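Engineer: Model the structure of this input:
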Amino acid sequence: LEASTDEDFAAYVRNQLPDKAEAFIPALRAAFPGYSPYHLMAATDTMKGYWIATVLQAERKAMQKGAPVYVYQLAWETPVNGGRLRAHHALDLPLVFDNVGNGRSMVGPGSEPQQLADRMSSAWIAFARTGNPNTEGLPQWPEYDTARRATMIFDTNSRVVYDPYAEIRRILVK
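Structural biologist: Residues are numbered from 1 along each chain as shown. Prediction:
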């Protein structure tokens, strides 16, 4: 897969999203500049599977106007395997559960993973205790709604982004 070409990427998207491919391909390239065709193929799977499902679930929960909804994305990329895996599925688990020591095969060496775990696990604990994930060390994390779509981006420098990947969202929900 790492030897995939731009043509392989385009063919992959056309196979996965036949009626949306022509809009999706440039939108994904714009969202992930510098990604190799292999990483764009992986991003395709992430966006059409995990990510859009999260967006739709958050929209539905927010429209119920019950408990507040908070959305996050892990953007921090693991250095494991030369960084090939980037921010892969389940990488957040040793960070959220503050289990970096046992998750070194996923998060790699150094202090950065623990620093991120401190912030993420604190937010999860605050949410479990109060229904609100806001804690010291993070920017103010607004509730998710369909107008602003506030999303906490966990990274070395965590930040809130409003409506991340908006163009991809519009393409996938058509």
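Engineer: so where's this protein shaky on pLDDT?
Structural biologist: Screening the chain residue by residue with the criterion pLDDT under 70, one finds no matching range.
Engineer: Show me which helix runs longest in this protein.
Structural biologist: Once the chain is assigned using DSSP state H, the helix that runs over the most residues is helix 112-130.
Engineer: tell me the angle the helix or strand following it makes with helix 112-130.
Structural biologist: Next in sequence after helix 112-130, counting helices and strands by DSSP states H and E, comes strand 150-154. Strand 150-154 and helix 112-130 are oriented at 140 degrees to each other (axes from the mean of the first three to the mean of the last three Cα atoms, to 10 degrees).
Engineer: Given strand 150-154, what are its sheet partners and their directions?
Structural biologist: Strand pairing for strand 150-154, determined by DSSP bridges: strand 71-74 (parallel), strand 159-162 (antiparallel).
Engineer: Would you mark the buried spots in the last one?
Structural biologist: So the one you mean is strand 159-162. Of the residues in strand 159-162, those with enough neighbours to count as buried (16 or more other Cβ atoms under 10 Å) are Val160. All C-beta spots, glycine's among them, are computed from the backbone N, C-alpha and C.
Engineer: can you list contacts of that strand?
Structural biologist: Contact partners of strand 159-162, identified using Cβ atoms under 8 Å, 6 or more residues apart in numbering, comprise Pro139, Gln140, Trp141, Pro142, Arg148, Arg149, Ala150, Thr151, Met152, Ile153.
Engineer: How about stretch 92-105?
Structural biologist: Taking contacts as Cβ under 8 Å, 6+ apart, the residues outside stretch 92-105 that touch it are 74, 76, 80, 106-107, 113-114, 116-118, 120-121, 124, 154.
Engineer: what packs against the helix or strand hosting Ala10?
Structural biologist: Under the criterion DSSP H and E, the helix or strand holding Ala10 is helix 6-16. Packed against helix 6-16 by the contact rule (3 or more Cβ pairs under 8 Å, 6 or more residues apart in numbering; DSSP states H and E) you find helix 21-31, helix 37-46.
Engineer: just those: most buried one?
Structural biologist: The densest packing among these, expressed as mean neighbour count by mean count of other Cβ atoms under 10 Å, is seen in helix 37-46 with a mean of 18.
Engineer: any idea of the angle that helix forms with helix 6-16?
Structural biologist: Angular relation of helix 37-46 and helix 6-16 on a 0 to 180 degree scale: 20 degrees, by the same axes, to 10 degrees.
Engineer: after helix 37-46, next one along is what?
Structural biologist: In the C-terminal direction, the helix or strand that comes right after helix 37-46 (DSSP H and E) is helix 52-64.
Engineer: about what we covered before: which one, of the helices and strands packed on helix 6-16, ends up nearest to Thr130?
Structural biologist: With Cβ to Cβ, the closest approach to Thr130 among the helices and strands packed on helix 6-16 belongs to helix 37-46: 30.4 Å.
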